[in-house]
Structure formats: C-alpha cells, structure tokens
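Engineer: Okay, predicted coordinates and the sequence, questions at the end:
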Amino acid sequence: MPQIWIPLKDIPAEGGEIVVDNQSIWLEPIAEFKLPYRIAQAPAATLHLTPQEEGCLVRGRVSGTVAVPCDRCAEEAMVTVDQRFSELFSMQEDLRDPGEEPAIRPALDGQGLEIEVGSLLWEEFLVSLPIKPLCSETCKGLCPQCGADLNTEPCNCESGTEDPRLAVLRNLKINK
Ligand SMILES: [Zn+2]
Ligand SMILES: [Zn+2]
C-alpha cells in the first residue's frame, strides 16, 4: 500500500488545506488484493490540517465514483463515494501503540513532523462502499436455478423458484 507522507512544517498554525489525488492510493491495493473494483471517476481527497502540539488534526473528505459488482446480478454497480472523516495524529498516541505502523514521525529533514495519510485514505474509501451494492434498486438478480440474468432474459424455471420445503409440505397435504 503506498505511503503518502505530508510534512506539517508549512501548514500554518490556524490550519491549511491540501488535496491528495495520488491514484496509487486506490489502484495499488485494488490490484494487490485483486478486488473487483473499477475506478470510474478518479477519487480525490481534500484534507484540512490543523497542527496540534506534537500532532495534527486531520478533517477530510474523499469523493469519487467506483464500479463494484452488484450484490444480486454481479454486473457493475456505480457507487458514488463521498466520505467525510476526522482523525487525530499524535506522537503520544503512536508511542502508546508500538505494534502499529507509525502514521506520524519527525520529518526526515529534521523540520517538524510529517504524517502518513495513504492508509487512512484507503480505509475511509473502503468503509464508504456499501455492503450490498445494487446496479439498480429494481435489479431482478440471477435465477437461483439456472443462473440466467433475469434483468436481460426471462427463464423457464417458474416452478423451480418455489422453496422445496414448501413443496414437500403441499405434497403431504395432497396425499392425505
Ligand atoms: Zn444487479
Ligand atoms: Zn432460471
């Protein structure tokens, strides 16, 4: 996963805004984990940085459009990402949890601190995606019997769509 280190030394005390549109934030993990996502409109993140003592408050927003498989028919479902978040980066917090990869550190040139926002942005992107995306609210999905995409072709499985347990019950009644 790409790391994006942002130096804080040029951020004014009252806060400053930066735009992060490095596409490797999304494209690298999508390729690495073979995720079925296709970036339709390149996401960009706007970050408002407010320096704190030994840290930085980050309030941000990620927006873009990504195509993901529909939960019912597996065709592409377009998802508009618009995720807002806020995160406090603190040297003290990082020291408390040495197992975590540090997201804040003294800048390599010795001038102030720098924070890593690539992991944060990827996480926020992921949690913004719906658990059950749909290509359309009215998507008919795939036939559970023959696998036909019922949005494009009807199939001849009407009798088979009945719950087999109900069929058994009905037969019992008939046989009485
Ligand atoms: Zn669908
Ligand atoms: Zn069918």
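Structural biologist: Noted; the coordinates are in hand. Ligands and ions are numbered 1, 2, ... in the order given.

Engineer: All the strands of this structure, in order from the start?
Structural biologist: 5-7, 16-20, 38-52, 55-69, 76-90, 104-106, 113-116 (DSSP state E).

Engineer: what packs against the last one?
Structural biologist: Strand 113-116 sits against strand 5-7, strand 55-69, strand 104-106, with contacts defined as 3 or more C-beta pairs under 8 Å, 6 or more residues apart in numbering; DSSP states H and E. For glycine as for every other residue, the C-beta is placed from the backbone atoms N, C-alpha and C.

Engineer: need the residues of this structure near ligand 2, please.
Structural biologist: Contact residues, the chain versus ligand 2 (C-beta under 5 Å from the ion): 143, 145, 146, 148, 155, 157.

Engineer: Among those residues, which one lies nearest to residue 84?
Structural biologist: Residue 84 lies nearest to residue 143 out of the residues of the chain next to ligand 2, by C-beta to C-beta, at 39.8 Å.

Engineer: is it true that the closest one touches residue 156?
Structural biologist: No. Using C-beta atoms under 8 Å, residue 143 is not in contact with residue 156, being 9.5 Å away.

Engineer: More neighbours: those two, which one.
Structural biologist: For the pair residue 143 and residue 156, the greater number of neighbours falls to residue 143 (18 against 10), based on other C-beta atoms under 10 Å.

Engineer: what does the model give the spatially closest residue to the more buried one that is not a sequence neighbour for pLDDT?
Structural biologist: Among residues not flanking residue 143 along the chain, residue 155 sits closest, at 4.9 Å (C-beta to C-beta, 6 or more residues apart in numbering). Listed pLDDT for residue 155 reads 90.
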